[in-house]
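Colleague: the sequence and its predicted three-dimensional model are supplied below.
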Amino acid sequence: MHHPARRKPARKPAIAAAPTPAATGSPPPGAAVNAEVGELKNPVTSILGKRVQSPQGEDLGRVVDLLADGEGRVRVAIIDFGGFLGVGTRRIAVDWPLLHFDPANGEQPVRLDVPREKLQSAPEYKDASRPRVLMPAPGALMAAPGEPTSAAAPPAPK
């Protein structure tokens, strides 16, 4: 007697479960967060509208906008650069690590460790999700705040 072949039931594809809020450390979109008032551990300052200067004290412009990534980290500062009394200015996108300021002294201008010539040759900022940004060249040395930036090449081997 011939038995018809038995078919196995088709398996449904596995679907990865969305991470739970506890696993990601953040609530699901649209969920209310239980917040409370507290005091920040470190001083903060507003830098929008602040003057931007070179390490030598030369006026380079003003911070007019900040751009953040999807995780809420500030990544880029937009600087109104050049011109005289607002005429002839250009908006330049600058990588956040190039800027230095002291939140404890909110009166000081923001320091930008880039030569004026680099700002002059930088492309004008265009509103985009991936703008062209003036950033440190690969291998450039970043100085600690308060110290001059040095991008000198290492000494040649003897």
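Modeller: Noted; the coordinates are in hand.
Colleague: name the residues of stretch 108-120 that come out as buried.
Modeller: Neighbour-count burial for stretch 108-120 flags 109-114, 119 (criterion: 16 or more other Cβ atoms under 10 Å). (C-beta placed from N, C-alpha, C; glycine too.)
Colleague: tell me which of these fall in strands.
Modeller: 110-112 (DSSP state E).
Colleague: could the residues you listed go into a markdown table alongside distance to I78 and pLDDT?
Modeller: Shown next, in a markdown table, are these (distance: Cβ to Cβ, whole Å; pLDDT from 0 to 100):
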| residue | distance to I78 | pLDDT |
| --- | --- | --- |
| V110 | 12 | 94 |
| R111 | 17 | 95 |
| L112 | 12 | 93 |
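Colleague: with distance to A35 added, can I get the residues you listed in TSV?
Modeller: Formatted as TSV, these follow (distance: Cβ to Cβ, whole Å):
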residue	distance to A35
V110	30
R111	34
L112	35
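Colleague: quick check, E117 in a strand?
Modeller: No: under the criterion used here (DSSP: H, G, I helix; E, B strand; the rest coil), E117 is helix, not part of a strand.
Colleague: ok, longest strand in this structure?
Modeller: Assignment by DSSP E; longest strand in the chain turns out to be strand 59-68.
Colleague: list the buried residues in that strand.
Modeller: 60-64, 67.
Colleague: immediately after that strand, which helix or strand?
Modeller: For strand 59-68, the following helix or strand on the C-terminal side (DSSP states H and E) is strand 74-81.
Colleague: and the helix or strand just after that next one, what does it pack against?
Modeller: Counting by DSSP H and E, the next helix or strand C-terminal to strand 74-81 is strand 90-95. Contacts defined by 3 or more Cβ pairs under 8 Å, 6 or more residues apart in numbering; DSSP states H and E place strand 90-95 against strand 59-68, strand 74-81.
Colleague: what does the shortest one rub up against?
Modeller: Taking contacts as Cβ atoms under 8 Å, 6 or more residues apart in numbering, the residues outside strand 74-81 that touch it are 47, 52, 60-69, 89-96, 99, 110, 112, 119, 125, 131, 133.
Colleague: report the separation between the two terminal residues of stretch 106-122.
Modeller: With Cα to Cα, to the nearest Å applied, stretch 106-122 spans 28 Å between its terminal residues.
Colleague: in the sheet, who's paired with A77?
Modeller: In this entry, A77 is beta-bridged to L66, V94, by DSSP bridges.
Colleague: for it, grab the count of nearby residues.
Modeller: 25 (other Cβ atoms under 10 Å).
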